[in-house]
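missing the sequence, but the structure's below:
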């Protein structure tokens, strides 16, 4: 099969490459671009370890062809750090509230939580649980993940108020 030219914006940077149209986005990110934050879990879109943000939507990259997102703006967990490379708010709150154990699901959780807080900046616990339902964790029991997202919402809202 012939390869196609792919142009993407990934974590704010323009990238280009060659890929077969049937190449899954997760493989293009990890193998071609060496962006290893999104993880390969179930490869059926059920676990959410591969979650990335594409043009303002949470997407499971293990069932998305790179050809489908040619020209798209993609954010992975690496793109959620601060400009100086330090942990972003969600990353820091996941660390502070121990919203992780083995860490395998964490990149997808944080990326999905980012989009959830963009859609709903002040979610209730129930809304967080519902909004995160497509991302599975086999270690934590979710309570600390919910706490981390809630604390992130509080911190982001406080930062927004201070800036106004």
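Alright, I've got the coordinates. Everything quoted here is computed from the prediction, not taken from an experiment.

contact partners for residue 79?
10, 11, 12, 53 (Cβ atoms under 8 Å, 6 or more residues apart in numbering). For glycine as for every other residue, the C-beta is placed from the backbone atoms N, C-alpha and C.

helix/strand/coil for the last one?
The one in question is residue 53. The three-state assignment at residue 53 reads strand, by DSSP: H, G, I helix; E, B strand; the rest coil.

near it, how many other residues are there?
Neighbours of residue 53 under the rule other Cβ atoms under 10 Å: 22.

contacts only, for the residue nearest to it when sequence neighbours are not counted.
The spatially closest residue to residue 53, leaving aside those adjacent along the chain, is residue 75, at 4.1 Å (Cβ to Cβ, 6 or more residues apart in numbering). Each residue near residue 75 by Cβ under 8 Å, 6+ apart is listed here: 10, 11, 52, 53, 111, 114.

quick one: residue 75 and residue 1, what's the gap?
29 Å (Cβ to Cβ, to the nearest Å).

same check, this time on residue 18
For residue 18, the distance to residue 1 (Cβ to Cβ) stands at 12 Å.

with residue 35 instead?
The value you get for residue 35 to residue 1, if Cβ to Cβ is used, is 23 Å.

more neighbours, those two?
Each of residue 35 and residue 1 has its neighbours counted (other Cβ under 10 Å); residue 35 has more, 20 against 7.

residues touching that one, list them.
Taking Cβ under 8 Å, 6+ apart, we find residue 35 in contact with 10, 11, 29, 76, 78.

count of residues packed around the third one?
Other residues near residue 29 come to 24 when the count uses other Cβ under 10 Å.

what does residue 54 give?
19.

ok, it - contacts?
Contacts of residue 54 by Cβ under 8 Å, 6+ apart are 64, 69, 72, 73, 74.

in contact with residue 22, which residues?
Here residue 22 is in contact with 1, 65, 67 (Cβ under 8 Å, 6+ apart).

any idea how far the second one lies from residue 1?
With distances taken as Cβ to Cβ, residue 65 is found 12 Å from residue 1.
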